[in-house]
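K.L.:
I would like the atomic coordinates for the input below:
(one chain, ligands or ions: 1)
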Amino acid sequence: MTETIPVGAQPFQSAPVHASVMHINGGKPLNGRIDIKGAKNLVTKAMVASLLGTTPSVLRNVPDISDVRVVAGLLDLHGVKISHGEHLDDLVLDPRAVEQAHMAEINAYAGDSRIPILFCGPLLHRLGEALIPDLGGCKIGSRPIDYHLAVLRSFGAKVEKLPEGIRMTAPDGLHGAKIELPYPSVGATEQVLLTSTLAEGITVLKGAAVEPEIIDLVAILQKMGAVITVQADRVIRVEGVQELKGYVHRAICDRNEAASWASAALATEGDITVGGAKQEDMMAFLNVFRKVGGGFEVMEDGIRFYQADSELHSVAIETDVHPGFMTDWQQPLVVALTKAHGMSVVHETVYENRFKFTEALVQMGANIQLYRECLGSVHCRFGERNFFHSAVIAGPTGLHGADIVVPDLRGGFSHVVAALSAQGHSTVRNVGIISRGYERFTEKLDALGADFDDDAAEVRA
Ligand code: EPU
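P.N.:
Below is the predicted model:
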């Protein structure tokens, strides 16, 4: 590493003010430019990776979102010193005094985050013990951790379930393993990466997830000194090394946020330039966006999204692991599909319970029917298990304002977009959850000309 790391330059801080209720006057297009930062689904894992280093790491392009604050809090509990670097969106993570935290503190801090499970490998390497709480995350399915536990056991971890959480130890150290995942899980692949790099010997993972955020994590680990090969057909091979150093890395952009704003442009008949968006990370989305009637202009520093055709067209999509159409892209797009001519079909194959948000859209006048059947051809684990995981959207329907409650992160974004595109006034409750993944959400809406007020405005003033 050639850069000087300004450890402790400015204490880590953020001053978020999040509304829990928004009052929205809809029917106005969103127009203008907003800039996005690093991907939530990389940044939080990159912060955990710093635990593996013997020297401090610097992560750039970090968004000020609550998931980052939760992980920063958890790292702090484990003795990692966190400060801002040269810029406010740089984090300096110094793991030289890592120590064990108490289960009660971890439980209190983790909130709904699922990231604590990824602390296990690094903490086992550093301290020989890891404690993790009951895990949360958005309520979009049962979200088990069985793959994670199986992965950790294959490396030699001993897992003990306690009333207040899970305790792991590695009495004989962690050793490379041959692992095959039953499904290309993002989290379980990250678990293998974070555990194998310092494990003794060679690890071969089959059935790995290869999302761009995972490849960025591989790049970070390589900078730290790891030896990782991403092979064809979802195989990742890791040769364990004895020591990793800190890294300096700029996080890849949040393609999920970019896709969300793109759909917001379509649903409100607006024109939004997303600074920082990268074409190569969202090609599957851009193909669908174009088929629905959206236009996009790829620029050097972002992508402009707008409605290209005079009317929107229906489309059939199936969510899938990368390089397919991401599950996190469907919710705001469904709002735009309520305005498309014809019957659109969305087959959700990643999470079994990701259509709860459509109830509010129906309340607002959308014609959406949910089915237990697989309406598509992608192999899916949910068809025979009674989950309403396919949606048929008949359009065009005009939406009208309503009083609605946000169920989860991506569903929440889509509710706000629905309210912005609807005729009349809407009250959207529980919007605070949106700050888990969207930085300065209300400021961006302001910049795009949205007509709303919220119960945090007074505090901000
Ligand atoms: N699964 C299991 N057992 C496990 C782990 C996963 O059955 O031990 C199942 C899940 O229940 C799900 C499927 O495997 O049905 C895929 O889950 P995956 O492990 O890939 O998801 P994750 O790592 O928990 C991350 C993102 C999600 C994103 C998914 C898919 C983070 C923090 N979360 O979750 O992001 O949807 O990958 O790409 O990285 C979001 O940003 O709103 C969000 C939910």
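
K.L.:
gap between residue 276 and residue 448?
P.N.:
Look at residue 276 and residue 448: by CB to CB, to the nearest Å, they are 15 Å apart. Quick note: C-beta positions are derived from backbone N, CA and C, even for glycine.

K.L.:
cool, residue 104 as well?
P.N.:
43 Å.

K.L.:
picking that back up, who has more neighbours, residue 276 and residue 448?
P.N.:
Ranked by neighbour count (other CB atoms under 10 Å), residue 276 and residue 448 place residue 448 first, with 23 against 19.

K.L.:
in contact with the more buried one: list those residues for me.
P.N.:
Taking CB atoms under 8 Å, 6 or more residues apart in numbering as the criterion, residue 448 is in contact with 30, 31, 32, 34, 270, 272.

K.L.:
thought residue 369 was touching residue 391?
P.N.:
Yes: Residue 369 lies in contact with residue 391 (CB atoms under 8 Å); the separation is 7.2 Å.

K.L.:
Three-state assignment for residue 92, please.
P.N.:
Here residue 92 takes the strand state, with states given by DSSP: H, G, I helix; E, B strand; the rest coil.

K.L.:
from here on, call the first residue 58.
P.N.:
Sure, I'll start numbering at 58, so the last one becomes residue 149.

K.L.:
can you tell me how far it is from residue 138?
P.N.:
8 Å.

K.L.:
please apply the same query to residue 304.
P.N.:
16 Å.

K.L.:
could you do residue 486 as well?
P.N.:
Computed with CB to CB, the distance linking residue 486 and residue 138 is 38 Å.

K.L.:
likewise residue 341?
P.N.:
Counting by CB to CB - residue 341 and residue 138 are separated by 40 Å.

K.L.:
ok, residue 426 and residue 448, which is more surrounded?
P.N.:
Using other CB under 10 Å as the criterion, residue 426 and residue 448 rank with residue 448 on top: 22 against 13.

K.L.:
any idea what the more buried one is bridged to?
P.N.:
Taking DSSP bridges, one obtains residue 403, residue 427 as the residues bridged to residue 448.

K.L.:
the more surrounded of residue 304 and residue 138?
P.N.:
Counted by other CB under 10 Å, residue 304 and residue 138 do not tie: residue 304 has more neighbours, with 24 against 17.

K.L.:
contacts only, for the more buried one.
P.N.:
By CB under 8 Å, 6+ apart, the residues touching residue 304 are 58, 106, 107, 110, 114, 115, 116, 277, 280, 281.

K.L.:
and those, which two are the farthest apart?
P.N.:
58 and 106 (14.4 Å; CB to CB).

K.L.:
and the two? Which one has more around it.
P.N.:
Between residue 58 and residue 106, residue 106 has the larger neighbour count (other CB under 10 Å), namely 29 against 14.

K.L.:
for the residue of the stretch 158-307 of the chain found nearest the ligand, the count of nearby residues, please.
P.N.:
The nearest approach of the stretch 158-307 of the chain to the ligand comes at residue 244, 2.9 Å away (CB to the nearest ligand atom). Neighbour count for residue 244, taken as other CB under 10 Å: 20.

K.L.:
equivalent analysis for residue 366, please.
P.N.:
Residues within reach of residue 366, counting by other CB under 10 Å, total 11.

K.L.:
from the ligand, how far out is residue 413?
P.N.:
13 Å (CB to the nearest ligand atom, to the nearest Å).

K.L.:
any idea how far that residue is from residue 382?
P.N.:
19 Å.

K.L.:
the two: who's more crowded?
P.N.:
Neighbour totals were compared for residue 413 and residue 382, and residue 382 leads with 25 against 16 (other CB under 10 Å).

K.L.:
ok, and the closest non-adjacent residue to the more buried one?
P.N.:
Take residue 382 and drop its neighbours on the chain: the residue closest to it by CB to CB, 6 or more residues apart in numbering is residue 341, 4.8 Å away.
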